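Peer 1: build me a structure from this.
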Amino acid sequence: MVVIFLLGGLGFLALSKKNEEEGNRVCFRNYCFKVELARTEAERRQGLMFRKNLGENEGMFFIFEEEGVYPFWMQNTFLPLDIIWIDKNFQVVYLSENTPPCKKDLPCLSINPRKKAKYALEIKGGGGEKNWFGHWSKSKALWGFLR
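Peer 2: Residues are numbered from 1 along each chain as shown. Model prediction:
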């Protein structure tokens with residue numbers, strides 16, 4: 001299991017690996033999300049496409065090989081998502097709240113953070129505001145044991 005903790009203000013990102021059966025978790029203050037990890041190019045490209053359901057405490061944590069500007073898009077995504085980008089220093093650098101899916105009759109635009117990130121977290125749209133955001137610009141993170 002991987003556990004990631006994010007705290008506003010004194011925010012930190014901690015990761016521990018315990019037991020595969022319990023799954024991977026990202027936590028902010030006292031609220032945790034069970035996440036799938038997207039480590040490979042194929043996993044990151046697939047993301048949460050074609051998902052028709054996503055629990056209130058579920059999401060996907062994207063891990064990039066190197067820090068860079070990584071736009072996301074909502075092509076073939078059926079649910080609104082909150083997308084949070086985190087840089088190599090574990091600072092939250094951008095947040096796209098309640099990002100709507102692309103509409104069939106319109107072009108699908110990408111969401112560009114215009115800031116470098118090493119990680120991104122996708123959760124159910126509105127989940128961050130409702131459960132745990134606070135002031136992301138002041139969030140700082142410490143990294144644990146994920147390799």
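Peer 1: need the strands for the protein, in chain order.
Peer 2: Taking DSSP state E as the test, the strands found in the chain are 2-6, 15-17, 24-28, 31-38, 58-68, 72-73, 81-86, 92-99, 110-111, 117-124.
Peer 1: how many neighbours does Gly55 have?
Peer 2: 11 (other CB atoms under 10 Å). Just so you know, the C-beta spots here come from the backbone N, C-alpha and C atoms, and that holds for glycine as well.
Peer 1: my guess is it meets Ile123, correct?
Peer 2: No: applying CB atoms under 8 Å as the test, Gly55 and Ile123 come out as separate, 9.6 Å apart.
Peer 1: thinking again about what came up before, need the strands of the chain in JSON lines (columns: mean neighbour count, distance to Gln46 and mean pLDDT).
Peer 2: Formatted as JSON lines, these follow (neighbours: other CB atoms under 10 Å; distance: least, CB to CB, whole Å; pLDDT from 0 to 100):
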{"stretch": "strand 2-6", "mean neighbour count": "23", "distance to Gln46": "19", "mean pLDDT": "48"}
{"stretch": "strand 15-17", "mean neighbour count": "15", "distance to Gln46": "22", "mean pLDDT": "46"}
{"stretch": "strand 24-28", "mean neighbour count": "21", "distance to Gln46": "16", "mean pLDDT": "76"}
{"stretch": "strand 31-38", "mean neighbour count": "18", "distance to Gln46": "8", "mean pLDDT": "86"}
{"stretch": "strand 58-68", "mean neighbour count": "17", "distance to Gln46": "9", "mean pLDDT": "95"}
{"stretch": "strand 72-73", "mean neighbour count": "18", "distance to Gln46": "12", "mean pLDDT": "94"}
{"stretch": "strand 81-86", "mean neighbour count": "26", "distance to Gln46": "14", "mean pLDDT": "91"}
{"stretch": "strand 92-99", "mean neighbour count": "19", "distance to Gln46": "17", "mean pLDDT": "90"}
{"stretch": "strand 110-111", "mean neighbour count": "13", "distance to Gln46": "16", "mean pLDDT": "94"}
{"stretch": "strand 117-124", "mean neighbour count": "24", "distance to Gln46": "12", "mean pLDDT": "93"}
